[in-house]
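> Fold the following and give me the result.
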Amino acid sequence: MILRAAIALLCLLAAPAVACEQITHRDARFTVCEVAPDARVELFLRDEAGDILGAFSSVKSRVDGTVVMAMNAGMYHDDRRPVGLYIEDGIQEAPIVTRAGPGNFGLLPNGVFCLRADRSDVIESRAFAANPPACTDATQSGPMLVIDGALHPRFLPDSTSRNIRNGVGTSADGQRVVFAISDDAVTFHEFGTLFRDTLGLPNALYFDGRISRLYAPAVGRNDFGLPLGPIVAVIAD
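All right, here's what the predicted structure looks like:
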């Protein structure tokens, strides 16, 4: 009994901060990364001089720990400033945007990925603006992929618009956080059903397409490309 308890404790202590794997959904390949409930998840935009980091390597050099996963986390302007709400370490850099607009960001409803000490949530933007939670970090993007278990109303099952896409989904109790990136070009509808049907998450948010990138050394991923705006990272102490 004592030996079994010791083994269980060791397994718990050795549990990774994030577990990534490649899965197939609707004949398309995806890499999904599920975060451990007690893992550190943080957003990064600028260095100490105020310059935008823009790369996974720059984030790695800034943290006191080991970055075990990172991903682009929200849309940005040409100068890489966030398009919508952005909060880092409790400080808001950009305000929330609740009006409709051009492009995927303005395809309402869009949403906010909100990190707090005891939970993480994807929240529809207008609901967030009506009752803002005290997010330690937050990034706004769009469109929402899944809203309270329903796909975004504008998604078409027979759409021909395909792209590499990435996003994040959360559980109703805020304890599950799963990041995903498509390894094949997929539609919004296909991407939304990944979170709803295969991952079983009631709320999910689209981060971006085309520029979508993942750093996950455990599965041999370190995607390169143009400089990024907001970046989310999972950090092991």
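
> How far does stretch 148-167 sit from its chain's centre?
Offset of stretch 148-167 from its chain centre (Cα atoms, centre = their mean, to the nearest Å): 16 Å.

> got the end-to-end distance for that stretch?
Terminal residues of stretch 148-167 lie 16 Å apart, using Cα to Cα, to the nearest Å.

> Could you do stretch 52-70 as well?
By Cα to Cα, the extent of stretch 52-70 from end to end equals 16 Å.

> quick one: low-confidence ranges for the chain?
By pLDDT under 70, the low-scoring segments of the chain are 1-14.

> which residue is nearest the middle of it?
Val168 (3.7 Å; Cα atoms, centre = their mean).

> so is that residue in a helix, a strand, or just coil?
strand (DSSP: H, G, I helix; E, B strand; the rest coil).

> which residues sit in contact with it?
By Cβ atoms under 8 Å, 6 or more residues apart in numbering, the contact set of Val168 is 73, 113, 122, 177-180, 204-205, 207, 232. No exception for glycine: its C-beta is placed from N, CA and C like everyone else's.

> can I get those in JSON lines with distance to Lys60 and secondary structure?
Listed next are these as JSON lines, based on distance: Cβ to Cβ, whole Å; DSSP: H, G, I helix; E, B strand; the rest coil:
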{"residue": "Ala73", "distance to Lys60": "15", "secondary structure": "coil"}
{"residue": "Phe113", "distance to Lys60": "21", "secondary structure": "strand"}
{"residue": "Val122", "distance to Lys60": "26", "secondary structure": "strand"}
{"residue": "Val177", "distance to Lys60": "20", "secondary structure": "strand"}
{"residue": "Val178", "distance to Lys60": "22", "secondary structure": "strand"}
{"residue": "Phe179", "distance to Lys60": "17", "secondary structure": "strand"}
{"residue": "Ala180", "distance to Lys60": "22", "secondary structure": "strand"}
{"residue": "Ala204", "distance to Lys60": "27", "secondary structure": "strand"}
{"residue": "Leu205", "distance to Lys60": "24", "secondary structure": "strand"}
{"residue": "Phe207", "distance to Lys60": "19", "secondary structure": "strand"}
{"residue": "Val232", "distance to Lys60": "13", "secondary structure": "strand"}
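
> Quick check: of these, which lies closest to Ile87?
For these, the minimum distance to Ile87 (Cβ to Cβ) is 10.4 Å, reached by Phe113.

> is it true that the closest one touches Leu205?
Yes. Between Phe113 and Leu205 there is a contact under Cβ atoms under 8 Å: 5.6 Å.

> Check the contact lists of the two and give me the overlap.
With Cβ under 8 Å, 6+ apart, Phe113 and Leu205 have common neighbours 122, 141, 168.

> Please identify which of those residues is nearest to Gly54.
Nearest to Gly54 among the shared contacts of Phe113 and Leu205: Ser141, at 17.2 Å, using Cβ to Cβ.
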